[in-house]
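**Student:** just the structure for this:
(chains A and B)
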Amino acid sequence: MTSAVSFKKVSRHFGSVRAVDAVDLEIAPGEFFAMLGPSGSGKTTCLRLIAGFEQPTAGSISIFGERAEGVPPYRRNVNTVFQDYALFPHFNVLDNVAYGLMVKGVGKAERLKAAEEALSLVRLPDYGARRPGQLSGGQRQRVALARALVNQPKVLLLDEPLGALDLKLRENMQEELKSLQKALGITFIFVTHDQGEALSMADRVAVFNDGRIMQVGTPEDIYQRPNTRFVADFVGSSNVLPPDFVQRYSGQRRWGSLRPESIRIASASSGDGVAARLVGTNYLGATTRLALDAEGLRLHAVVPAGTALPAEGEAVVLTFNRDSLHLMDEPA
Amino acid sequence: MTIAAVQSSPTPAILPGSGGMRGALSDLFWRRPKFLLTLMLAPPLLWLGIVYIGSLFALLAQSFFSIDEFSGLINRQFTLKTYGDLFQAANLDIILRTVTMAALVTLASAIIAFPIAYYAARYARGRWKALFYLGVMLPLWSSYLVKIYAWKLILAKEGILTWLLAKLNLLWLLDGWLSLPIVGGNSLSVSFTGTFIVFVYVWLPFMILPVQAALERVPGNLVEASSDLGASPGQTFRNVLFPLALPGIVAGSIFTFSLTLGDYIIPQIIGTSRLFIGQAVYSQQGTAGNIPLAAAFTVVPIVIMGFYLWGAKRMGAFDAL
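**Tutor:** Numbers count the residues shown, from 1 in each chain, chains lettered A, B, ... in the order given. Okay, here's the model as predicted:
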């Protein structure tokens, strides 16, 4: 099967800065794919390479089997939802949504009808006559989505589309985007620095760092079985354990990762485990996050709210299942 | 110092006034911001209202007086006779010539200014931007008269332009152009073409700067969004860039248009002996001593600009502001 998007040793260098460095990537048709990474990790540049705003300095990109290098953005059947929406301020909402069809020469009645339909798809019917400036952030977000979807793109690119929304709205939009993607069957490629967003929405996630892909896999793969310290730390702030420590508990001298929620905590008198001291507690609502100091190694544990906790500064012992200690591929 | 020490230190929560005249004034201005605003705006508003607009209206009032043709004295009685004189064929000719020239100069300035402004707004950064401002503003630092006389030499029959075209074997092009009616003449320096070139040169900065300011405010991702949605560069220009730059183009055209309408020095030094509005005003109030007709002539650019702005507003030029 041809990939929706295929990167073969793609690089994009800006002078001496390697924004994207020899990236290989295959994204399947109909997939909801997330590119996750800290800012400056190259994920947005990858998105812009697919959209055609950037050209690779090396390597080849194909979209549904067709070579995309040298093809301008306006000849790619790929649409983008921009981070700050980029709605045209001098058009009303309906004309904004109909823009793509207008420049393709679709007749006025037909394109306005399609735009109306796209607006009701994103649950903004009857907003057509308004100016973008009169809409809230969440509404602009939906208009930007409708403006892209009305063109029935082969691939929809979303550049941190939820970044500017407040928490409640963001959670709503996550669910909506996911169900929209299922209903339409369009390949969605989604850039985010929010690991929770990537894990909850995507079928597969690529974790970027320094212009390279560190790991590609399902959210569960990425979360449970990170292959490097970076992935373990960036996705879900795992406890990264040094080889010496890991050797004591698993017999193998490798870097390990231990999820904060797999650590159990008991008072020092209750038996054996890792001796530690409770340094701080952060109340997070449903859970409490504990900062622990185990012989100089800083660890975090997450326990359900309501767990009886020792006082700060007290000595405790930590226990965990041997299976939840994940050994990483990264050499010690 | 620990936080506890800071909290127990004897610093008061409310600081005492600084005392004296300045402290009292600062407190007063803070309590009554409108008072400060009034104080700051009164002098310029008085200047604008009385000295500037007032004298303009005094001048316009003159256009409703008439001149006694025997004594040359001004008859201070309301009459429309001067406006009757204004609409004589010879004067209408002057008006038409000036308006046509102003329109062409504005159009040419806009066409030349747009790419320069676009480059400056989109691509120029740091040192190149400084160089752009310097390049645009530098001609404004030197004397207007010196520049015009320099152009007279450049455009003269023995000038560098003729010499250059001769070297390029393109003299036939210049001769062909100069043999055309109206725009032609003996040499560029005594033709309307010459007047046009110098007008465009002198007023170009006044078009570039507002267009650049308007383009600077167009977010770059709108251009990308347009392209992403399938618009070719030409379509992006027509549908996104041009409409969003239009307020700047209109602002610039107000300068180029009205400055050309009122100028009397350039057409006097470069061009034919036929008059422009500015020259007509100059000669009517000077040698002819006909202040009422001079005043009536000055009404013409004001009325034209009024209609121009009204039309621009109706076209939606200010919608994107």
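**Student:** what parts of chain B come near chain A?
**Tutor:** Applying CB under 8 Å from any CB of the partner chain, we find that chain B lies next to chain A at B:219, B:221-222, B:224-232, B:235, B:239-240, B:243-244, B:319-320. C-betas here are computed from N, CA, C, even on glycine.
**Student:** what do you get if the cut-off is 7 Å, keeping everything else the same?
**Tutor:** Taking CB under 7 Å from any CB of the partner chain, the part of chain B that reaches chain A is made up of B:219, B:221-222, B:224-225, B:227-232, B:235, B:240, B:243-244, B:319-320.
**Student:** buried among these? Make that a PyMOL selection.
**Tutor:** The following PyMOL line selects those of those that are buried, judged by 16 or more other CB atoms under 10 Å in any protein chain shown:
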select buried, chain B and resi 221+222+224+225+227+228+229+230+231+235+240+243+244+320
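**Student:** show me the residues of chain B next to chain A that map onto helices.
**Tutor:** B:N221, B:L222, B:E224, B:A225, B:S227, B:D228, B:Q235, B:P243, B:L244 (DSSP state H).
**Student:** now those residues as JSON lines including pLDDT?
**Tutor:** Listed next are those as JSON lines, based on pLDDT from 0 to 100:
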{"residue": "B:N221", "pLDDT": "90"}
{"residue": "B:L222", "pLDDT": "95"}
{"residue": "B:E224", "pLDDT": "94"}
{"residue": "B:A225", "pLDDT": "96"}
{"residue": "B:S227", "pLDDT": "95"}
{"residue": "B:D228", "pLDDT": "95"}
{"residue": "B:Q235", "pLDDT": "95"}
{"residue": "B:P243", "pLDDT": "90"}
{"residue": "B:L244", "pLDDT": "89"}
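**Student:** need the max-distance pair from those.
**Tutor:** Maximum pairwise distance in these, criterion CB to CB, is 18.2 Å, between B:D228 and B:P243.
**Student:** any idea which helix or strand carries A:H300?
**Tutor:** A:H300 is part of strand A:297-304 when elements are defined by DSSP states H and E.
**Student:** distance-wise, check A:S6 relative to chain B.
**Tutor:** 20 Å (CB to the nearest CB, to the nearest Å).
**Student:** and for that residue, the neighbour number?
**Tutor:** 19 (other CB atoms under 10 Å in any protein chain shown).
**Student:** what does A:S39 give?
**Tutor:** Count around A:S39 with other CB under 10 Å applied: 8.
**Student:** the residue nearest to it when sequence neighbours are not counted and chain B, how far apart?
**Tutor:** Leaving aside its sequence neighbours, A:S39 sits nearest to A:H193 (CB to CB, 6 or more residues apart in numbering or on different chains; 6.2 Å). According to CB to the nearest CB, A:H193 and chain B sit 19 Å apart.
**Student:** tell me the contacts of A:H193?
**Tutor:** A:G37, A:P38, A:S39 (CB atoms under 7 Å, 6 or more residues apart in numbering or on different chains).
**Student:** looking at these, spot the one nearest chain B.
**Tutor:** Here the nearest of the contacts of A:H193 to chain B, counting by CB to the nearest CB, is A:S39; it sits at 17.1 Å.
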